[in-house]
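Got a predicted structure here, sequence first:
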Amino acid sequence: MSQTALAGLAAVGRLPLGALAVIGRVVLFALSGLSHLLRPPFCGAQFGNALLQIGWLSLPVVGLTALFTGGALVMQIYAGGARFNAEAVVPQIVAIGMVRELGPVLVGLMIAARVTAAIAAEIATMKVSEQIDALITLSTDPIKYLVTPRLLAGVLVVPLLVAVGDVIGIMGGYAMATGTLGFNPAAYLRNTIEFLEPLDIASSLIKGAAFGFIAALMGCYFGIHARRGARGVGRATKGAVEAAAVLILAANFLLTGALFAL
């Protein structure tokens with residue numbers, strides 16, 4: 001075989017091999033972070049700060065996003081249903097749309113935009129300013145101190161944010177439907193509650209936990225592996241947000257298929 005053909009085959013194989021190498025590094029990084037959950041000491045202060053940053057401080061953007069999305073969803077479904085004289089199904093479709101799909105995905109993307117960027121920038125800045133080297137000098141494992149608390153906080157807090165977003169989104173649709181479109185308030189709420197099933201709520205919370213883990217993991221991974229200098233911090237932050245958003249959408253696709261099969 002000629003050298004040109006071999007070079008072509010090498011170029012074709014370089015991309016998938018590189019992608020597999022990156023996936024392997026991320027998986028090993030995640031396993032390293034999770035392994036410290038079972039080994040003391042526990043970094044309670046870092047965990048509490050992560051809960052505050054990921055959870056409480058994300059409530060305003062999550063609430064506003066869900067509120068406006070619920071109102072817009074009602075108007076879109078009502079306009080589409082009116083073409084088939086099916087306006088009565090608006091409460092049911094809004095409820096299942098927010099709980100099973102829009103609520104978790106929108107919250108996940110908001111967390112990726114806000115929390116992943118903040119984590120990546122913070123850890124990357126610590127690396128650039130040699131604070132991570134100082135932790136190692138003090139016999140403190142950076143993974144245990146910086147990564148594990150954020151992973152745990154993401155898994156625990158984001159499902160709660162998703163639940164809050166679901167409720168606010170449904171109530172935003174309720175306000176629009178009853179205040180503008182003439183729906184009966186009691187009938188709207190009754191149809192919403194009766195239509196939702198436990199699996200719908202469980203799927204929303206499962207997606208929230210997965211998305212929270214992905215968002216925290218990407219922020220920590222890109223922050224830890226940031227290159228030196230201000231440009232390295234910027235690239236780490238941008239890469240973390242992009243990777244988190246893409247992985248959240250991919251995970252949503254896979255989880256939706258798996259949960260629909262139940």
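Thanks, I have the structure now.

neighbours of residue 166, just the number please.
27 (other CB atoms under 10 Å). All C-beta atoms are positioned from the backbone trio N, CA, C, and that covers glycine.

again but with residue 239, I slipped
Residues lying near residue 239 (other CB under 10 Å) number 17.

How about it: what's its closest non-neighbour residue?
Using CB to CB, 6 or more residues apart in numbering and skipping residues adjacent in sequence, the residue nearest residue 239 is residue 222, 5.0 Å away.

correct me, but the one you found touches residue 121?
No. With contacts counted by CB atoms under 8 Å, residue 222 stays clear of residue 121, the gap being 9.6 Å.

between those two, what contacts are shared?
Common neighbours of residue 222 and residue 121, counting by CB atoms under 8 Å, 6 or more residues apart in numbering, are 236-237.

Those two: which has the busier surroundings?
Neighbour tally, residue 222 and residue 121, criterion other CB under 10 Å: the higher count belongs to residue 222, 28 against 19.

Against residue 236, how distant is the more buried one?
The gap separating residue 222 from residue 236 is 4 Å, by CB to CB, to the nearest Å.

Which neighbours do the two have in common?
With CB under 8 Å, 6+ apart as the test, residue 222 and residue 236 both reach 120, 124.

before we move on, the earlier item: quick one: residues contacting the residue nearest to residue 239.
Contacts of residue 222 (CB under 8 Å, 6+ apart): 120, 124, 236-237, 239-240, 243.

Swap in 7 Å and give it another go.
Listed by CB atoms under 7 Å, 6 or more residues apart in numbering, the contact set of residue 222 reads 120, 236, 239-240.

ditto for residue 90
74, 77-78, 81, 177.

Tell me the buried residues in the helix or strand encompassing it?
Using DSSP states H and E, residue 90 sits in helix 90-97. For helix 90-97, burial by neighbour count (16 or more other CB atoms under 10 Å) applies to 90-91, 93-97.

Mean confidence (pLDDT) on it, please.
For helix 90-97, mean pLDDT is 88.

helices or strands next to the following helix or strand past it in the packing?
Next in sequence after helix 90-97, counting helices and strands by DSSP H and E, comes helix 103-111. Applying 3 or more CB pairs under 7 Å, 6 or more residues apart in numbering; DSSP states H and E, we find helix 103-111 packed against helix 59-82, helix 148-179, helix 198-224, helix 230-260.

got the contact list for the residue nearest to residue 96 when sequence neighbours are not counted?
Spatial nearest neighbour of residue 96, excluding adjacent residues (CB to CB, 6+ apart): residue 200 at 6.2 Å. Residues near residue 200 by CB under 7 Å, 6+ apart: 96, 99-100.
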